[in-house]
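Engineer: Got a predicted structure here, sequence first:
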Amino acid sequence: MYLRRSTTLKYLIGIPLAVAFYCEWFVFVIQPLFWQKIECEHNLKCTKILFIADPQIQGDLAVPSPLNVLFNWDSDRYLRSTFSVVIKHFKPDVLVYLGDLMDEGSISSQVEFHSYVKRLSNIFDVYYPIVQVWLPGDNDIGGENEPIKHEKVIEFNKVFNQPSVISFRNITFYKVNSIMYKVPQGPDDADLNVKIAVAHYPVLSKGVYGRQVNKAIRPEIYFCAHEHMSKYFKQTKNFEYRETHLLQMNDPVLDVAFDDEWLYEIFVPTCSYRMGTDKMGYGAAIIENNRMKYTVFWSPKRFPHLFVYLFILIIIFIYGCCFCCVRMISRQTKLIRSEDILPLLHRT
């Protein structure tokens, strides 16, 4: 039976369309249903902060051409989709980018660096005015498995031109450059605000440097990235005792009082599925009444969906090959039969 007359064609078209509908739209729409509820009690005294860690948009060298175009497009689209859903759901007042914005920023040319910045602006596009805090990571300026590129530091500061201390409402953000071991100095009136130290590398675990930062700033809480996982350190303010807690998908909202005896450093997970983990998300915090509530807006897994796409393509390819083979054999058989029916004189 011909393919156009078979119901197989309906399945070959309908199933891929249904899978694409689910993987590219529906899964993002229903994701907020699985998030912990976090809301302000008094909107006038509440500040919402969204933390974005390690997006590491892929460069041109990670995957050979022309596959890099497809891979980068899918990775960028995933980040744009998850970020858009989070923004519409949470409506933050401040965005804090905790570094490793680009995967190849530290080894890129100036033209490539600016092209990556343009991609970032298209991915993390906000439809209303918002405060944004940008920090460099080791993949942006070097510093982990390679020396710090001072020309990249200059270029990063030129593109993301902002001071190391940023105040918004009653909150002061201290951009701690833990890659270069720098300690920012804040304004004299910052003690009246809630002080938040943000860094790419963890700070409190760096021994002497962590003590220096804590003594100079005295922040209420620390936020960092780099490790691509969701957890937090809880230690006494005299640095003598520390606890480590993982933050899982079903954990309740973390409630932190700023006037207790503990220091907290929260690790925000990566938001990219290309970082070797299936637990991606965005950190969300609410500052209100000298307290902070924190949770993670987890993103849907991507690799299972890509494997489903690959499986469907393999099935279609195998079916197409089998169909072509059957058609060729059928035509050859008909030709042989028709030749057998003709008399010998006509065949010659």
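Structural biologist: Received, thanks. Residues are numbered from 1 along each chain as shown.

Engineer: only C-alpha atoms for contact and neighbour calcs from this point on.
Structural biologist: OK.

Engineer: Output the below-cut-off pLDDT ranges for the stretch 151-300 of the chain.
Structural biologist: Along the stretch 151-300 of the chain, the model assigns pLDDT under 70 to residues 187-191.

Engineer: Now do the strands in it.
Structural biologist: Using DSSP state E, counting those that start in this stretch, the strands of the stretch 151-300 of the chain run over residues 165-168, 171-176, 194-199, 221-224, 231-236, 242-246, 254-257, 262-267, 281-288, 291-298.

Engineer: quick one, the second one and strand 194-199 angle?
Structural biologist: This points to strand 171-176. Strand 171-176 and strand 194-199 are oriented at 30 degrees to each other (axes from the mean of the first three to the mean of the last three C-alpha atoms, to 10 degrees).

Engineer: ok, now the last one?
Structural biologist: Going by the same axes, to 10 degrees, strand 291-298 is angled at 40 degrees with respect to strand 194-199.

Engineer: so what secondary structure elements neighbour the helix or strand following strand 291-298?
Structural biologist: The C-terminal neighbour of strand 291-298 among helices and strands, as given by DSSP states H and E, is helix 303-341. Packing contacts for helix 303-341, counted by 3 or more C-alpha pairs under 8 Å, 6 or more residues apart in numbering; DSSP states H and E, involve helix 8-21.

Engineer: So M102 sits against Y116, correct?
Structural biologist: Yes - M102 lies in contact with Y116 (C-alpha atoms under 8 Å); the separation is 6.9 Å.

Engineer: got the strands of the stretch 151-300 of the chain as JSON lines, with mean neighbour count columns?
Structural biologist: JSON lines is the format used below for those (neighbours: other C-alpha atoms under 10 Å):
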{"stretch": "strand 165-168", "mean neighbour count": "16"}
{"stretch": "strand 171-176", "mean neighbour count": "23"}
{"stretch": "strand 194-199", "mean neighbour count": "24"}
{"stretch": "strand 221-224", "mean neighbour count": "23"}
{"stretch": "strand 231-236", "mean neighbour count": "18"}
{"stretch": "strand 242-246", "mean neighbour count": "12"}
{"stretch": "strand 254-257", "mean neighbour count": "15"}
{"stretch": "strand 262-267", "mean neighbour count": "23"}
{"stretch": "strand 281-288", "mean neighbour count": "23"}
{"stretch": "strand 291-298", "mean neighbour count": "22"}
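
Engineer: between the ones you listed, which gets nearest to L33?
Structural biologist: When the strands of the stretch 151-300 of the chain are compared by C-alpha to C-alpha, strand 291-298 sits nearest L33, at 10.3 Å.

Engineer: Residues contacting that closest one, please?
Structural biologist: Outside strand 291-298, the residues that touch it by C-alpha atoms under 8 Å, 6 or more residues apart in numbering are 31-32, 35-36, 38, 86, 249, 252-258, 279-287.

Engineer: contacting residues for the residue nearest in space to the middle of the chain?
Structural biologist: The chain has C271 as the residue nearest its centroid, 1.9 Å off, counting by C-alpha atoms, centre = their mean. By C-alpha under 8 Å, 6+ apart, the contact list for C271 reads 52-55, 79, 280-282, 299.

Engineer: Show the backbone phi and psi for it.
Structural biologist: phi -100, psi 0 (degrees, to the nearest 10).

Engineer: Any figure for the gap between it and C23?
Structural biologist: To C23, C271 is 17 Å away according to C-alpha to C-alpha, to the nearest Å.

Engineer: do the same with I286
Structural biologist: Separation of I286 from C23 (C-alpha to C-alpha): 30 Å.

Engineer: And D54, by the same measure?
Structural biologist: Shown here: D54 relative to C23, a distance of 23 Å by C-alpha to C-alpha.

Engineer: of those two, who's got more company?
Structural biologist: D54 (25 against 19; other C-alpha atoms under 10 Å).

Engineer: Show me what stretch 85-93 is in contact with.
Structural biologist: 28-29, 32, 47-50, 126, 130-131, 282, 297.
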